[in-house]
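1. The sequence and its predicted three-dimensional model are supplied below.
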Amino acid sequence: MKARVFVTLKPSVFDPQGNTIAQALQSLGYGGVADVRQGKYFELDLDVGTAGEAVQLASEVAERVLANPVIESFRVET
């Protein structure tokens, strides 16, 4: 079973890379882009029986390894 993990900076954390991307997009003529928040995306191929087990395992992996809980949050999709 596949699980997708999206890791992003918490809203209160300054995102210099996202800010740079937003400025670059605006300079390229994409004035409708007001803000960009960058993040990380992971696909996990899990050997579990149910979607609930997949979410539980992927959440544990994200919390312990993939995300820094001090400055990042994550969400899991199956």
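-> Perfect, I can see it now. Model, not experiment: these values are computed from the prediction. Numbers count the residues shown, from 1 in each chain.
2. pLDDT (mean, whole number) over stretch 47-62?
-> Stretch 47-62 carries an average pLDDT of 97.
3. What are the boundaries of the strands in the protein?
-> Counting by DSSP state E, the chain has strands at residues 2-9, 39-45, 72-77.
4. As a markdown table, these with distance to Val61 would be great.
-> From N, CA and C alone the C-beta is placed, and that goes for glycine too. A markdown table is the format used below for those (distance: least, Cβ to Cβ, whole Å):
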| stretch | distance to Val61 |
| --- | --- |
| strand 2-9 | 7 |
| strand 39-45 | 7 |
| strand 72-77 | 9 |
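5. Would you mind giving those strands as JSON lines with mean neighbour count and distance to Leu66 added?
-> Shown next, in JSON lines, are the strands of the chain (neighbours: other Cβ atoms under 10 Å; distance: least, Cβ to Cβ, whole Å):
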{"stretch": "strand 2-9", "mean neighbour count": "17", "distance to Leu66": "6"}
{"stretch": "strand 39-45", "mean neighbour count": "13", "distance to Leu66": "6"}
{"stretch": "strand 72-77", "mean neighbour count": "16", "distance to Leu66": "7"}
